[in-house]
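# Fold the following.
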Amino acid sequence: MAHPTQLGFQDAASPIMEELLYFHDHTLMAVFLISTLVLYIITTMMTTKLTNTNSMDAQEIEMVWTIMPAIILIVIALPSLRILYLMDEVNDPHLTVKSIGHQWYWSYEYTNYQDLAFDSYMTPTSELSPGQLRLLEVDNRMVVPMESPVRMLVTAEDVLHSWAVPSLGVKTDAIPGRLNQTSFIATRPGIFYGQCSEICGANHSFMPIVVEAVPFLDFETWSLMTEA
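Got it, this is the predicted structure:
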């Protein structure tokens, strides 16, 4: 979850989110170098005679400011395309969960099980236990086994929603009449919070998402108890 005065992203809990963090740092360094170069050129132009006609019309300078942006775009595009491919790939999932957005709650169906389905509503502030987070806790968490590929099928019943969990690097639109697919692997046990990221009506901010990653044996125990 996010913390007060937090400056960066949430800690990564999936391989995709780790890749996104690396890409963010990679791109931020490129932006920093570009900004430094531009600031240096502007400062030099203000303090020297760099605006001399012979300097500004030089063939070498025109080649530099044409080729450098192309190189920068390639340096940024290659890792970006790699991550896009990784995010779109779904390799032999161990579990498939269907998430359905409603106004204003989520429903979950575990398609590998016959009768494992439930609704997930936000816990009212008056019913929160000590330590639980206001506007982020739910009555029924989505439980998944850690270190197992999980495929998410995301759709909606009424209007546009968006199923998003920042720590897992997942954000997929929920569209009525359409099934969108994404996947993730929780690399460590924990409770990961998210929210609907599409403005879906009056109670848009009151339909949180809670994913709890547990060891496989604990997941099997939970699934048997919940299905019963």
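
# residue ranges for the helices of this structure, please.
Secondary structure of the chain by DSSP state H: the helices cover 15-47, 53-56, 59-88, 216-227.

# So which of those is nearest residue 141?
Residue 141 lies closest to helix 216-227 among those, at 9.5 Å (C-beta to C-beta). Placement of C-beta: from N, CA and C, glycine included.

# quick one: contacts of that closest one?
With C-beta atoms under 8 Å, 6 or more residues apart in numbering as the test, helix 216-227 has contacts from 110, 113-116, 118, 143-148, 214.

# nearest residue to residue 178 other than its sequence neighbours?
In space, and not counting its chain neighbours, residue 178 is closest to residue 155: 6.3 Å by C-beta to C-beta, 6 or more residues apart in numbering.

# how about TSV for the helices of the chain, with distance to residue 208 and mean pLDDT added?
Supplementary listing: these in TSV, determined by distance: least, C-beta to C-beta, whole Å; pLDDT from 0 to 100:
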stretch	distance to residue 208	mean pLDDT
helix 15-47	19	89
helix 53-56	56	54
helix 59-88	23	86
helix 216-227	19	90
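
# Okay, and the beta partners of the residue nearest to residue 204 when sequence neighbours are not counted?
Nearest residue to residue 204, sequence neighbours excluded (C-beta to C-beta, 6+ apart): residue 196, at 6.0 Å. Counting by DSSP bridges, residue 196 forms beta bridges with residue 163.

# Counting neighbours, what do you get for residue 196?
Residue 196: 26 surrounding residues under other C-beta atoms under 10 Å.

# Where does confidence bottom out across the contacts of helix 216-227?
Among the contacts of helix 216-227, residue 114 has the lowest pLDDT, at 84.

# before we move on, back to that, to residue 97, which of the helices of the chain lies closest?
Among the helices of the chain, helix 216-227 comes nearest to residue 97, with 11.3 Å by C-beta to C-beta.

# got the buried residues for that closest one?
Of all the residues in helix 216-227, those buried under the rule 16 or more other C-beta atoms under 10 Å are 219, 222-223.
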